[in-house]
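Q: build me a model from this:
(one chain, ligands or ions: 2)
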Amino acid sequence: MSERALIVVDIQNDFCPGGALAVADGDAIVPLVNRLIAEFDHVALTQDWHPAGHSSFASSHPGRRPFEAIDMPYGPQTLWPDHCVQGTKGAQFHPGLDWTKAQLVIRKGFRAGIDSYSAFFENDHATPTGLAGYLRERGISDLTFVGLATDFCVAYSALDAVRAGFSATVRLDACRGIDLAGSLAAMTQKMAQAGVRLA
Ligand code: VGL
Ligand code: ZN
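A: Ligands and ions are numbered 1, 2, ... in the order given. Below is the predicted model of the structure:
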């Protein structure tokens, strides 16, 4: 039997208003996400979890500013303000998030030299996080994504899910985006074309 799971992406203080990489209205989704958590039998959370001095931080590249792009060995990489540093308050889940029920927390972005937007693969599209194997082993094939940010970690996760053979739905009403240079429209279109259900 095919089981379904809710994947709650990066609802952390640094992505909410007042945080280091705040997504506009990022905290507004929390009540709806909590209702969805209550509805699903299986819930997994992702947690952006960078070491200090991570290579995705603009501060690690002299002369570079946040939101510029650079070329990394694995391809283009957007530079971000320092955010979600391991063990800091900014990396903690939003205090209103009902995460008690979560069966798995998958941490990503913990390798100093590589960023990870997707819950499945790091930004080299080759290093797995282990999530696909976990879900398959448990017979879970039908995934619903919510969280932050729509056009980065949520979109990359949903696209990888479809590529890995899962069915993927993104609840856009339970996501908020960063929208860097039109990235929200571009990634929404990409998800639709790839067969991600947008609800
Ligand atoms: C994210 C940028 C950097 C996200 C994480 O959760 O969408 N975006 N790290
Ligand atoms: Zn990050």
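
Q: for stretch 104-122, how far is the first residue from the last?
A: End-to-end distance for stretch 104-122: 18 Å, by CA to CA, to the nearest Å.

Q: what's in contact with that stretch?
A: With contact meaning CB atoms under 8 Å, 6 or more residues apart in numbering, stretch 104-122 is reached by 7, 9, 44-51, 53-56, 72, 74, 77, 84, 86, 99, 123-124, 127-132, 134, 152-153, 155-157, 159-161, 164. In short, each C-beta sits where N, CA and C put it, glycine included.

Q: mind listing what's buried in it?
A: If you call a residue buried by 16 or more other CB atoms under 10 Å, then stretch 104-122 has these buried ones: 104, 106-110, 114-122.

Q: could you list which of those residues belong to strands?
A: 104, 106-108 (DSSP state E).

Q: ok, now which ones touch residue 64?
A: Residue 64 neighbours (CB under 8 Å, 6+ apart): 58, 70, 79.

Q: just to revisit the earlier point, so which of the buried residues of stretch 104-122 comes closest to residue 29?
A: Here the nearest of the buried residues of stretch 104-122 to residue 29, counting by CB to CB, is residue 119; it sits at 17.0 Å.

Q: and stretch 140-152, which residues are buried?
A: 140-141, 143-152.

Q: quick check, that stretch touching ligand 2?
A: No. Between stretch 140-152 and ligand 2, judged by CB under 5 Å from the ion, nothing touches; the nearest distance is 8.2 Å.

Q: next one: phi and psi at residue 161?
A: Main-chain torsions, residue 161, degrees, to the nearest 10: phi -60, psi -50.

Q: surely it touches residue 170?
A: No. With contact defined as CB atoms under 8 Å, residue 161 does not count as touching residue 170 (9.7 Å).

Q: now for the two: what residues contact both?
A: Between them, residue 161 and residue 170 share these contacting residues under CB under 8 Å, 6+ apart: 145, 196.

Q: the residue nearest to residue 21 when sequence neighbours are not counted and ligand 2, how far apart?
A: Spatial nearest neighbour of residue 21, excluding adjacent residues (CB to CB, 6 or more residues apart in numbering): residue 83 at 4.1 Å. According to CB to the ion, to the nearest Å, residue 83 stands 6 Å off from ligand 2.

Q: touching, residue 83 and residue 90? I think so.
A: Yes. Here residue 83 reaches residue 90: they are 6.2 Å apart, a contact under CB under 8 Å.

Q: between these two, tell me which one has more neighbours.
A: Neighbour count, other CB atoms under 10 Å: between residue 83 and residue 90, residue 83 has more, with 24 against 19.

Q: give me the pLDDT for the more buried one.
A: Predicted confidence (pLDDT) for residue 83: 98.

Q: beta partners for the closest residue to ligand 2 within the chain?
A: Residue nearest to ligand 2 within the chain: residue 48 (4.2 Å; CB to the ion). When bridges are called by DSSP bridges, residue 48 pairs up with residue 108.

Q: no further queries at this time; thank you.
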